[in-house]
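> Have a look; sequence and predicted model below, questions after that.
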Amino acid sequence: MHNPVLEAVTARRSVRRFRSDPVSVEAIETVLDAGRWAPSGLNNQPWRFHIVRSAEAREAVARCTVYGDLLRNAPAAVAVFLDARSSYHREKDIQAVGAAIQNILLAAHSLGLGACWIGEILNHRAEAEAALGAAGHLELMAVVALGHPDPSEAGEAERLPLDELIVAKI
C-alpha cells in the first residue's frame with residue numbers, strides 16, 4: 001500500500017554531512033511551519049524557534065556541543081526552545097516540543113533537505129542559551145542542523161523488530 005506519510009517516516013534519516021549551498025529562508029520557514037502544527041496539551045504550543053544561519057552564530061553554538069563540526073558544516077540550524085510562559089505541564093510540554101521537532105525532521109525530509117536532531121547540546125544548556133542570547137523564559141530543548149545532504153551521506157538504519165518492542169498484547 002502506498003502511503004506517503006508512512007514512507008516519509010521510514011525513509012527519513014539523520015543527516016550529518018551537508019553540501020555548502022545555503023538553505024532558503026522560505027524552506028526554513030516551511031519546515032518550522034510544519035513544527036508549529038505538532039500536537040500540544042491544551043493547544044498551548046509551547047515551542048519557540050531560533051533560526052541560526054550566520055557562520056558566526058553557528059560557531060558560537062557549535063562550541064557548546066561535542067557535535068560542533070556538524071553545526072559548523074550545516075548551512076543552517078534551528079534552536080528549539082520550551083517557552084515557560086506557555087507551559088502548563090512540564091513533561092507534557094517537553095513531549096509536545098519533541099513532536100514539533102519530529103514534524104520539522106519529516107518536513108525537511110519531504111523537501112529534500114537533511115536534518116539532525118542534536119540533543120547532546122543540553123549537556124551545556126546554559127552556555128548554548130547564552131550563545132543564542134535566549135531570554136530567561138526560553139529553555140533550550142535541542143538544536144536541529146539543517147541543510148542539503150552531501151551525496152556521500154548513506155541512508156541505512158536499523159530498528160529492533162516490533163515484537164521486541166511490544167511489552168503486552170491485551
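Right, received. Where do you want to start?
> Work out for me the element Val31 sits within.
helix 25-36 (DSSP states H and E).
> repeat for His50
Assigned by DSSP H and E, His50 falls in strand 47-52.
> Now do that strand against helix 25-36, angle only.
Here strand 47-52 points in a direction 160 degrees away from that of helix 25-36 (axes from the mean of the first three to the mean of the last three Cα atoms, to 10 degrees).
> what's strand 47-52 packed up against?
helix 25-36, strand 76-83, helix 90-110, strand 138-147 (3 or more Cβ pairs under 8 Å, 6 or more residues apart in numbering; DSSP states H and E). No exception for glycine: its C-beta is placed from N, CA and C like everyone else's.
> how close does His137 sit to Val25?
26 Å (Cβ to Cβ, to the nearest Å).
> ignore the last one, Tyr67
Distance, Tyr67 to Val25, by Cβ to Cβ: 24 Å.
> Looking at these two, which one has more neighbours?
Tyr67 (17 against 11; other Cβ atoms under 10 Å).
> Any idea what the closest residue to the more buried one other than its chain neighbours is bridged to?
Nearest in space to Tyr67, with sequence neighbours left out and distances taken as Cβ to Cβ, 6 or more residues apart in numbering, is Ile118 at 5.3 Å. Ile118 forms beta bridges with Val143, as assigned by DSSP bridges.
> wait, Ile118 sits on Leu71?
Yes. At 7.2 Å, Ile118 and Leu71 qualify as touching, with contact defined as Cβ atoms under 8 Å.
> and Leu42, helix, strand or coil?
Put simply, Leu42 is helix when judged by DSSP: H, G, I helix; E, B strand; the rest coil.
> Based on its surroundings, how many neighbours for it?
12.
> again with Leu106
By other Cβ under 10 Å, the residues close to Leu106 number 19.
> roughly how far apart are it and Arg90?
25 Å.
> Identify the residues contacting Ser20.
Pro75 (Cβ atoms under 8 Å, 6 or more residues apart in numbering).
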